[in-house]
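**Student:** Make a model of this:
(chains A and B, ligands or ions: 1)
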Amino acid sequence: MWIVRFFQSSIGKKMIMAFTGMLLFLFLCTHVMGNSTIYLGSSHFQHYADTLHSFPVIVYLFSISLLIIVSLHVGFGLNLYFKNREEGDSRYAVTKRVVENSLASRTMIFSGLFILVFLLVHVAGFTFRDEHEPISELVKELLGGFFYGSFYIIAFSVLGLHLSHGFWSMLQTFGVNHPRYNKLISSLSLFFSVFFFLFFAGIPLYFMTGLGSSY
Amino acid sequence: MKIMATIDLTLNIWRQKDNDSLGEFEIYQLNNISTDSSFLEMLDVLNEKLTREGKIPVAFDHDCREGICGMCGAVIDGVAHGPEKATTLCQLHMRNFSTGDTLVIEPFRSRAFPVKRDLMIDRSAFDRIIQSGGYVSTNTGGAIDGNSILIPSDKAELAMDAAACIGCGACVASCPNGAAMLFTGAKISQLCLLPQGAPERHSRALAMIDAMDKEGFGNCSNAKECEAVCPKSISIRNIARLNREYAKAAFLSETKK
Ligand code: FES
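**Tutor:** Numbers count the residues shown, from 1 in each chain, chains lettered A, B, ... in the order given. So this is what the prediction gives:
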């Protein structure tokens, strides 16, 4: 069937990566909006969390879809990685990358897997938690800790790296490549990586440095 | 930097009897190479020397020696077609190197490009991609007036840029995944951009990607190495167009399959 054939093809698989990547990117955007209430104070954040969880059906649907999207992104990513590794850099005695700044594109699989580990830790800490403690206190307690907080900061820098190639790569895979917009696209890739890094890594920093002591 | 008239080189060349044999590097010392000579001429000098010594010369592909046929190519110190940008190996001059340099010379490598001998590879996988749909099925009859079908100049330019591809395989050789997307993208673009090629665009995209995947080429991960080494500076914009063409064909083509 045509749809099976599409998803089995090299381009179809790329498109799944790009499409799920886009959905995950959109999820990050909503997550950023929700988390911005942390910077407003604990009562705002608690209020946001309570409001969100007063719609259990929406939360449930979101969680399930996220699980599916993440699984697809990771599954196809690994599949492509192992297929491509049959080729691999080791086929030459001397390998030289001509493209500068290829760090992000070369390490997509590793940054991706690191983010997956982070995701598991994050979900274990905040989703499957002791229900009695209000989330607004839990976030301060967990992210204010040195190891937990540092792990989060590292994870967000890795996320930034992943996005710096991923955002551009997603558009290229969708076929968006036009001289008029290419500058804008590369600026946006950089902007989103830095933005998400600053915003998310700012939260553990906020608590670790004591800035959020009056939170 | 002053360019010397002649240079002395140490060459580390991949030698392999045929596809079934194991290969290995052999080291050759070659002196007094004119910096005005091309890389292939340097190999000619080496081969003459080897022949005189009763040894087997290094096999390498070449034909036009003016950068238009796409037969030549090798990986020099890790870069396909060597250090100069937008240049085929036959057009690469020895003035790019300095005396005392050691050059590591390897064949283009890919699962889909078996080594035939030394630096010669079998690129017929490209031919099979073309055979699957990289053409226009029209009975042209006698030559018609070139202007009888109007083509906007911007479209013609884009098609010509894509048509500059000489099919040398450097894109595959340099791709960390061994993907043939730049080649296939260029071949699809040059046809689908023009009114003569547009009618078959869907079936062509489906067939050529199918053929490309069957040959065992890898999957593009947008590393852009292909564009960087392409002797004809084919842009990865052609890969974006290929992605669009394929998606459109897969979702919208009228054929049942
Ligand atoms: S020999 Fe024809 S392109 Fe180099």
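
**Student:** what number of residues lie near residue B:79?
**Tutor:** 22 (other CB atoms under 10 Å in any protein chain shown). To be clear about C-beta, it is placed using only N, CA and C from the backbone, and glycine gets the same treatment.

**Student:** whoops, residue A:66 was the one
**Tutor:** Neighbours around residue A:66, by other CB under 10 Å: 15.

**Student:** With residue B:233 instead?
**Tutor:** Other residues close to residue B:233 by other CB under 10 Å number 12.

**Student:** Now do the phi/psi pair for it.
**Tutor:** phi 50, psi 40 (degrees, to the nearest 10).

**Student:** Help me confirm that it comes into contact with residue B:182.
**Tutor:** No. Counting by CB atoms under 8 Å, residue B:233 does not reach residue B:182; the two are 10.8 Å apart.

**Student:** For the two, list the residues in contact with both.
**Tutor:** Counting by CB atoms under 8 Å, 6 or more residues apart in numbering or on different chains, the contacts common to residue B:233 and residue B:182 are residue B:227.

**Student:** Find the nearest non-adjacent residue to the most centrally placed residue in chain A, please.
**Tutor:** Geometric centre of chain A, nearest residue: residue A:159, 5.4 Å, by CA atoms, centre = their mean. Leaving aside its sequence neighbours, residue A:159 sits nearest to residue A:115 (CB to CB, 6 or more residues apart in numbering or on different chains; 5.7 Å).

**Student:** Quick check: residue B:158 touching residue B:192?
**Tutor:** No. With contact taken as CB under 8 Å, residue B:158 and residue B:192 are classed as non-touching, separated by 10.3 Å.

**Student:** More neighbours: these two, which one.
**Tutor:** Neighbour totals were compared for residue B:158 and residue B:192, and residue B:192 leads with 23 against 19 (other CB under 10 Å).

**Student:** Residue A:92 versus the closest residue to that one other than its chain neighbours, what's the distance?
**Tutor:** Leaving aside its sequence neighbours, residue B:192 sits nearest to residue B:201 (CB to CB, 6+ apart; 4.4 Å). Residue B:201 sits 36 Å away from residue A:92, going by CB to CB, to the nearest Å.

**Student:** Any stretches of the chain with poor pLDDT?
**Tutor:** Just going to use chain A. The model of chain A has pLDDT under 70 over residues A:88-89.

**Student:** I was after chain B.
**Tutor:** In chain B (pLDDT under 70), the answer is B:1-3, B:140, B:256-257.

**Student:** the more surrounded of residue B:201 and residue A:92?
**Tutor:** Between residue B:201 and residue A:92, counted using other CB under 10 Å, the more crowded position is residue A:92 (21 against 18).

**Student:** where do the strands sit along the stretch 101-250 of chain B?
**Tutor:** B:102-106, B:115-117, B:120-121 (DSSP state E, counting those that start in this stretch).

**Student:** among these, which is nearest chain A?
**Tutor:** strand B:102-106 (4.7 Å; CB to the nearest CB).

**Student:** So in that sheet, which strands flank that closest one, and in what orientation?
**Tutor:** strand B:6-15 (parallel), strand B:75-76 (antiparallel) (DSSP bridges).

**Student:** List the buried residues of it.
**Tutor:** B:103-106 (16 or more other CB atoms under 10 Å in any protein chain shown).

**Student:** With distance to residue A:87 as extra columns, can I get those in CSV?
**Tutor:** Formatted as CSV, these follow (distance: CB to CB, whole Å):
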residue, distance to residue A:87
B:103, 23
B:104, 19
B:105, 20
B:106, 14
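
**Student:** could you dump those residues to JSON lines with distance to the ligand?
**Tutor:** As requested, the buried residues of strand B:102-106 are exported to JSON lines (distance: CB to the nearest ligand atom, whole Å):
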{"residue": "B:103", "distance to the ligand": "18"}
{"residue": "B:104", "distance to the ligand": "20"}
{"residue": "B:105", "distance to the ligand": "15"}
{"residue": "B:106", "distance to the ligand": "17"}
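
**Student:** Could you identify the most distant pair in those?
**Tutor:** The span of those, defined through CB to CB, is set by B:103 and B:106 at 10.2 Å.

**Student:** Now do whichever strand or helix holds residue A:172: which elements does it pack against?
**Tutor:** Using DSSP states H and E, residue A:172 maps to helix A:146-173. Packed against helix A:146-173, as judged by 3 or more CB pairs under 8 Å, 6 or more residues apart in numbering or on different chains; DSSP states H and E, are the following elements: helix A:10-35, helix A:103-106, helix A:108-126, helix A:135-144, helix A:179-208, helix B:237-252.

**Student:** what's the last one in contact with?
**Tutor:** The reference is to helix B:237-252. Outside helix B:237-252, the residues that reach it (CB under 8 Å, 6+ apart) are A:2-3, A:5-6, A:9, A:11-12, A:14-15, A:172-179, B:162, B:181-182, B:184-186, B:188-189, B:192, B:201-206, B:209, B:220, B:222.
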